[in-house]
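Trainee: my questions concern the predicted model and sequence given below.
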Amino acid sequence: MNKKALIATSKLVQDHEFIYPFYRLKEEGYEVHTFNCEKKQTLGYFGTKIPPKEDDKIIQLNEIDVKNYDILILPGGVKSMEILRLNKDLIEMIKKFDQSKKIIAATCSAVMMLISANLTKGRNVSGYYAWKDDVINSGANFVDKPCVIDKNIITSPHYKYVAEWMAGTISVLNKNN
C-alpha cells in the first residue's frame, strides 16, 4: 500500500509546523501532498518556501479523495488560520477525514480548524494557550501538554513541541498500519 499524507496550509503558515512534519513523514515513507490555497509554492511566515521544492506535489481541494490518505496535517500560524478558516470546502474536507476515522494532527493555532469543523466537543485537545477559552467553549477539554492523542485527533500547543507532536503522530500511524 502506498502511504500518503496531506498537509493543508496557506501562505504565512508557521514554517516549523509545516517543514518538520513534511520531512518527518517522508522519512517514514509517506508520499506527502500539500493543499495550498495559493495553488503554487508560497512562503511561510519566516520566509520558508511552502512546499520546499517547486516539484513537490501541490493538490487542490477538488483533487482530494480522503480515502487515498492516511493522515491530514494541520500546521498553525495565526495569519494562515485567518485564510484557511474562511474556506468552507476545506472545513468540509476536514470533517470527511474525521468521519472516515483518518488521523488528523493539528498544532498550535490549527486547533481553530478543528473548532471550525466542530470536531472538538467532548475531546481532549491541546493548542496554543491563547485559544484555551475557544477550545473550552467548543466543548473540549483543554490539555496543556506537548502532545495530546484523542482517538484519531492528535494536537500540540506550540512549534517548540513539534518533535513530541510528530512522535505521537507516528506512533498512532504505526498502530493503524
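Mentor: Received the coordinates, thanks. Model, not experiment: these values are computed from the prediction.
Trainee: and for Leu61, the neighbour number?
Mentor: 13 (other C-beta atoms under 10 Å). Heads up, the C-betas are built off the backbone N, CA and C, glycines and all.
Trainee: wait, doesn't it sit right on Asn36?
Mentor: No - Leu61 lies out of contact with Asn36 (C-beta atoms under 8 Å); the separation is 10.6 Å.
Trainee: compute the first-to-last residue distance for stretch 61-70.
Mentor: With C-alpha to C-alpha, to the nearest Å as the measure, the ends of stretch 61-70 fall 16 Å from one another.
Trainee: can you point out the buried residues in it?
Mentor: The neighbour-count check on stretch 61-70 (16 or more other C-beta atoms under 10 Å) flags 64, 66, 69-70 as buried.
Trainee: for that stretch, the distance to its chain's centre please.
Mentor: 14 Å (C-alpha atoms, centre = their mean, to the nearest Å).
Trainee: how distant is stretch 107-123 from the center of its chain?
Mentor: For stretch 107-123, the distance to the chain centre is 10 Å (C-alpha atoms, centre = their mean).
Trainee: got the buried residues for it?
Mentor: Applying 16+ other C-beta under 10 Å to stretch 107-123 flags 107-117, 119-120, 123 as buried.
Trainee: many thanks, I have nothing further to ask.
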